[in-house]
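Asks: after the sequence you'll find the predicted model.
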Amino acid sequence: MRKKTQQSQSRVERQMSTSTGAKGDSTQERGNSRERQSQVDGNDGGAMAARFSQKISILVFRGHPKDSVDTRVAKLHLDFQESENRDITFEMGPGPYPVLQELTNQGPPSQRPHFLRKIDVATVPVASELDMALRDTIRSIPPNPEWDDRNWVDDVLRVLQAAWPLQINNGDVTYALNFMVDVLYLGY
């Protein structure tokens with residue numbers, strides 16, 4: 001029994017040393033080892049390595065034509081990080097019966113008119129560059145006519161966090177939403 005325990009401890013220690021990659025550990029020194037190589041190229045014996053990701057952010061824009069707390073707008077942004085020209089911005093259309101609008105490939109948010117702030121929420125690993133699970137989930141959440149864009153952003157982020165609890169941390173969502181409220185009210 002003691003021999004089995006020692007063997008499993010040494011196996012755990014080997015796994016930890018190859019997965020941490022801390023400066024000066026044996027992983028760094030053995031850069032071409034089979035274990036390390038499988039992590040870099042994604043060929044790890046059948047287990048899928050996360051090679052693609054999508055970043056979820058909140059975008060805040062100044063009101064137009066006059067900027068005030070009431071006219072500032074919050075939108076959701078989905079950035080396909082592997083492709084410079086692929087992104088989707090979701091916004092609630094104006095009016096008594098809001099409709100979700102999906103704007104694609106508009107370029108960097110910081111170069112858009114009336115841009116105020118980008119607040120990163122989470123980066124979610126996806127199966128492929130074409131994985132649209134996040135987009136489809138966002139699309140499936142209808143805007144409530146009694147809510148504004150700020151409430152809709154809150155609702156969507158809570159649904160995404162519930163759907164991807166390991167990738168989207170509740171604390172990160174809460175922090176991003178609080179930061180959004182500060183930016184909307186302070187205007188910077």
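Replies: Looks like it came in fine.
Asks: neighbours around residue 158, how many?
Replies: 16 (other CB atoms under 10 Å). C-beta here means a position set from N, CA and C on the backbone, and glycine is covered the same way.
Asks: again, but for residue 85
Replies: Other residues lying near residue 85 total 8 when counted by other CB under 10 Å.
Asks: that one contacts residue 105, correct?
Replies: Yes: Residue 85 lies in contact with residue 105 (CB atoms under 8 Å); the separation is 5.7 Å.
Asks: can you show me the helices along the protein?
Replies: Taking DSSP state H as the test, the helices found in the chain are 2-20, 26-29, 34-41, 133-139, 149-163, 170-186.
Asks: any idea of the mean pLDDT in the shortest one?
Replies: Put plainly, it is helix 26-29. Average pLDDT, helix 26-29: 32.
Asks: what helices or strands is the longest strand along the chain leaning on?
Replies: The longest strand of the chain (DSSP state E) is strand 115-126. For strand 115-126, the contact count by 3 or more CB pairs under 8 Å, 6 or more residues apart in numbering; DSSP states H and E identifies strand 52-61, helix 133-139, helix 170-186 as packing neighbours.
Asks: go again with 7 Å.
Replies: Counting contacts by 3 or more CB pairs under 7 Å, 6 or more residues apart in numbering; DSSP states H and E, strand 115-126 packs against strand 52-61, helix 170-186.
Asks: tell me which of the ones you listed is the most buried.
Replies: Most buried of the helices and strands packed on strand 115-126 by mean neighbour count (mean count of other CB atoms under 10 Å) is strand 52-61; its value is a mean of 21.
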